[in-house]
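In: A structural model of the following input is requested.
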Amino acid sequence: MVNKNLVVSIENLKNDIIDMMEQCAKLIDMSLVSIINRDVELAKKVIDLDDEVDNLRVYIIDKSVRLIALKQPVARDLRLIYSLGYMALDLERIGDYSVNIAEKSLKLVKEDDIEPLGDIVRMRDMCISMLYEVEKALKGNDAKAAYSSANHDDVLDELYKRAYKEIVKNMHKDDQNIDKGVRTLFIARYLERIGDHITNICENVIYAVNGDVVEIG
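Out: Reported below is the predicted structural model:
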């Protein structure tokens, strides 16, 4: 017999995670736009909005524990609840890295000029694309789509390596580039780490859908 209350509760929990994903995608985008547009207020807004992501994580973890304790789900339902809790932790870290980028933005906007951001903008775009792809996979219980999203992390890693080499080369050209170069390197690194956390989310979607424990990348 299907426990309708449990089904509704799990669906609501999934929707909370989807809200968290969309909030994180927005923070990633805003953090980079704040650099490109030299927008101090936007960077500060990213820092403030991260509290909403943190609060969602606390709410989702608490809700997950309550569902397991009170509804005693089994099999696929239990896997999904368990996985959603872990997704919330990874999404919180993505929010934290977006804040880190915004904090670097507050420093970079004071520079006369900044490093070329071509590959870093591409990294931003790839992170957001991966996040929306895994959101779609979660909505559709689609393990294949989750694999597809995770596999894009290899592209993100290559963009990071290319950005790293270019920034270091510019730092060697002129001592004046060192401070802003170091900050820009951190931004590239934060985006690379965001990709790793999205990959973790993909792995948890796969586990929730078919029970396979996988390590991608």
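In: For stretch 89-105, which outside residues touch it?
Out: Contacts to stretch 89-105, defined as C-beta atoms under 8 Å, 6 or more residues apart in numbering, come from residues 17, 20-21, 23-24, 27-28, 30-32, 34-35, 40, 43-44, 46-47, 50, 53-54, 56-57, 61, 131, 183-184, 186-187, 190-191, 193-194, 197-198, 200-201, 204. Backbone N, C-alpha and C define where each C-beta goes, glycine included.
In: Could you do stretch 15-32 as well?
Out: 42-43, 45-46, 49-50, 52-53, 56-57, 59-60, 63, 84, 87-88, 91, 94-95, 98-99, 101-102, 105, 117, 120-121, 124, 127-128, 131-132, 134-135, 138-139, 191, 194.
In: Derive a PyMOL selection command for the buried subset of these.
Out: Buried residues among the contacts of stretch 15-32 (16 or more other C-beta atoms under 10 Å), as a PyMOL selection:
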select buried, resi 42+43+45+46+49+50+53+56+57+60+63+84+87+88+91+94+95+98+99+101+102+105+117+120+121+124+127+128+131+134+135+138+191+194
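In: where does the protein have low pLDDT?
Out: 1-2, 112-116 (pLDDT under 70).
In: which residues touch Ile35?
Out: Counted by C-beta under 8 Å, 6+ apart, Ile35 has contacts Ala43, Ile101, Lys104, Ser105, Leu108, Val109, Ile114, Leu117, Ile187.
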